[in-house]
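S.K.: Sharing a model that was predicted from the sequence below.
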Amino acid sequence: MRVLIVETDPDLGRIWQRYIQRQGAQVDRVDGQSSAIRALCMRPYDILVVNLVLEEGGALAIADFASYRRPDARVIFVTNTSFFSDGSIFNHSANACAFVQTGTPPEDLAAMVAHYGMPDDVPGEVKTS
């Protein structure tokens with residue numbers, strides 16, 4: 001499984017990266033829209049973890065580009081705001097699979113990444129969602 005983390009806070013991004021790598025994933029970490037777009041052009045990703053509040057660019061633009069460039073990639077959005085807390089993020093991003101608070105325990109985020117990010121063609125694995 002290949003994961004792209006888009007997070008402005010390098011400390012938080014590193015924490016998420018370490019927990020997700022423990023699940024056996026290959027993880028790339030970037031800090032904004034332009035570097036995320038470059039990464040999506042260079043490599044296939046199974047899942048993206050994208051903070052809704054970025055210093056550079058927009059999370060929805062990244063998700064939109066991912067749906068075009070990597071249509072099978074799913075997106076877990078994270079945020080520390082109440083914006084989209086009504087679940088409307090799923091109306092704005094067709095590839096959104098989860099929406100969680102930034103303070104979600106990293107082991108829980110890693111479990112969601114493992115669940116939603118598993119490629120459909122892994123032998124012996126059953127994808128239920």
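M.R.: Thanks, I have it.
S.K.: Tell me which helix or strand in this protein has the weakest average pLDDT.
M.R.: helix 89-92 (a mean of 70; mean pLDDT, DSSP states H and E).
S.K.: which element follows that helix toward the C-terminus?
M.R.: Once the chain leaves helix 89-92, the next helix or strand it forms, by DSSP states H and E, is strand 96-101.
S.K.: Tell me, how many residues neighbour the residue nearest to Glu56 when sequence neighbours are not counted?
M.R.: Distance criterion Cβ to Cβ, 6 or more residues apart in numbering; nearest residue to Glu56, sequence neighbours excluded, is Gly32 at 3.2 Å. For every residue, glycine as well, the C-beta is placed using N, CA and C. If you count neighbours by other Cβ atoms under 10 Å, Gly32 ends up with 16.
S.K.: Please list all residues in contact with Gly32.
M.R.: Counting by Cβ atoms under 8 Å, 6 or more residues apart in numbering, Gly32 touches Val6, Thr8, Leu54, Glu55, Glu56, Gly57.
S.K.: The second one reaches Leu54, doesn't it?
M.R.: Yes. Contact status for Thr8 versus Leu54: in contact at 5.4 Å, counting by Cβ atoms under 8 Å.
S.K.: quick one, which of those two is more surrounded?
M.R.: Here Thr8 and Leu54 are compared on neighbour count by other Cβ under 10 Å; more neighbours surround Leu54, at 19 against 15.
S.K.: Need the three-state assignment for that one.
M.R.: coil (DSSP: H, G, I helix; E, B strand; the rest coil).
S.K.: Surely it touches Ile5?
M.R.: No. Between Leu54 and Ile5 there is no contact under Cβ under 8 Å: 11.8 Å.
S.K.: Cool, thanks, signing off.
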